[in-house]
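*Asks:* pasting the structure only:
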């Protein structure tokens, strides 16, 4: 197992991401709202839906939004917020809970979030959303870990009058405290509910026995399997200045082949610029620091892993 490093001179990242505007023109027309998730699963008894944040046009150009969710920050307060737009599941029988998953960007500390909910029904005459309902939640945000913010209270009094499969919900959640800086990224929302049991189908008639078919021809031999599977891992603590980058690689043991890999990086200002197979048995990753120009160099933590097999890919 060999690890190699590559380092580039610092450079400035000036390109901004251009993303669709978030649906926050409230009150809004129900006909204009679009769901962030489609309930197209064939499992009609599913009891939880994962809803991603709706993208906004204010994402900072850090290249890390795809890793930690579509949360963003306001230009005036620099505090993170997120929107969730979705339709009530068609198989909803009763609501059981809603929790927003956040990722802590600082050492553990208390944070307060304000959640605002609006509802709309496309079949109503006005097509406008209802008055907003809000609630406040205080939790301890864990250091560089995932934490759930329970926002069930903002739903409880609103769902009883909504139509499953027709009514549309917009949820806006924002960090309220601390006010000095943003300490979380919003990853998604768990919408939990009970679904009714489906009806038993009728028993079909017994069919007649068919005649035996002729023996088939022998098939051709199948392709070789993946052989022995192994996942290897390595960990580093490089130092990067703003705009700096570092490349790492991780090779599979002799006689095996790389079929996949990946990486993780901390702090949040660091991003994975590239992750790819360098050759038949080596996975390579580039890390980039998107910290503000003029900031001090930072020693971070990065990890790289490779997935190896003893059979060459076809």
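*Replies:* Good, I have the coordinates. In this text the structure is predicted, and so the values were computed from the model without any measurement. Numbers count the residues shown, from 1 in each chain.

*Asks:* other SSEs contacting the helix or strand harbouring residue 306?
*Replies:* Using DSSP states H and E, residue 306 maps to strand 301-309. Under the contact criterion of 3 or more Cβ pairs under 8 Å, 6 or more residues apart in numbering; DSSP states H and E, strand 301-309 touches strand 229-236, strand 245-251, strand 257-266, strand 282-289. Just so you know, the C-beta spots here come from the backbone N, C-alpha and C atoms, and that holds for glycine as well.

*Asks:* where along the stretch 151-300 of the chain do the strands fall?
*Replies:* 168-177, 184-194, 229-236, 239-240, 245-251, 257-266, 270-279, 282-289, 298-299 (DSSP state E, counting those that start in this stretch).

*Asks:* which residues of this structure score low on pLDDT?
*Replies:* 1-46, 56-77, 122-131, 160-161, 165-166, 224, 226, 314 (pLDDT under 70).

*Asks:* What are the structural domain limits within it?
*Replies:* 30-194, 225-309 (automatic domain parsing).

*Asks:* and residue 209, which of the ones you listed is closest to it?
*Replies:* domain 30-194 (31.3 Å; Cβ to Cβ).

*Asks:* ok, back up a step: same list (the domains of the chain) but as CSV, adding mean neighbour count and distance to residue 213.
*Replies:* Formatted as CSV, those follow (neighbours: other Cβ atoms under 10 Å; distance: least, Cβ to Cβ, whole Å):
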stretch, mean neighbour count, distance to residue 213
domain 30-194, 17, 31
domain 225-309, 17, 30
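
*Asks:* Out of these, flag the one nearest residue 211.
*Replies:* Nearest of the domains of the chain to residue 211, taken as Cβ to Cβ: domain 30-194 at 34.3 Å.

*Asks:* what helix or strand is the residue lying closest to residue 159 once chain neighbours are set aside on?
*Replies:* Closest residue to residue 159 apart from its sequence neighbours, by Cβ to Cβ, 6 or more residues apart in numbering: residue 95 at 4.6 Å. Assigned by DSSP H and E, residue 95 belongs to strand 94-104.

*Asks:* what angle sits between that strand and strand 184-194?
*Replies:* Relative orientation of strand 94-104 versus strand 184-194 (axes from the mean of the first three to the mean of the last three Cα atoms, to 10 degrees): 160 degrees.

*Asks:* Partner strands of strand 94-104 and their direction?
*Replies:* Take DSSP bridges as the rule and strand 94-104 pairs in its sheet with strand 146-150 (antiparallel), strand 184-194 (antiparallel).

*Asks:* Kindly reformat these as a markdown table containing distance to residue 114.
*Replies:* Listed next are the strands paired with strand 94-104 as a markdown table, based on distance: least, Cβ to Cβ, whole Å:
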| stretch | distance to residue 114 |
| --- | --- |
| strand 146-150 | 11 |
| strand 184-194 | 13 |
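
*Asks:* Indicate which one of those is closest to residue 306.
*Replies:* Judged by Cβ to Cβ, the one of these that comes nearest to residue 306 is strand 146-150, at 24.9 Å.

*Asks:* Just the residues contacting the closest one, thanks.
*Replies:* If you take Cβ atoms under 8 Å, 6 or more residues apart in numbering as the criterion, strand 146-150 is touched by 97-104, 113, 137, 139-141, 173, 184, 187, 190.

*Asks:* Kindly report the same for stretch 292-304.
*Replies:* Applying Cβ under 8 Å, 6+ apart, the set of residues contacting stretch 292-304 from outside is 3, 12, 233-244, 246, 248-250, 261-267, 269-270, 283, 285, 287, 289, 291.
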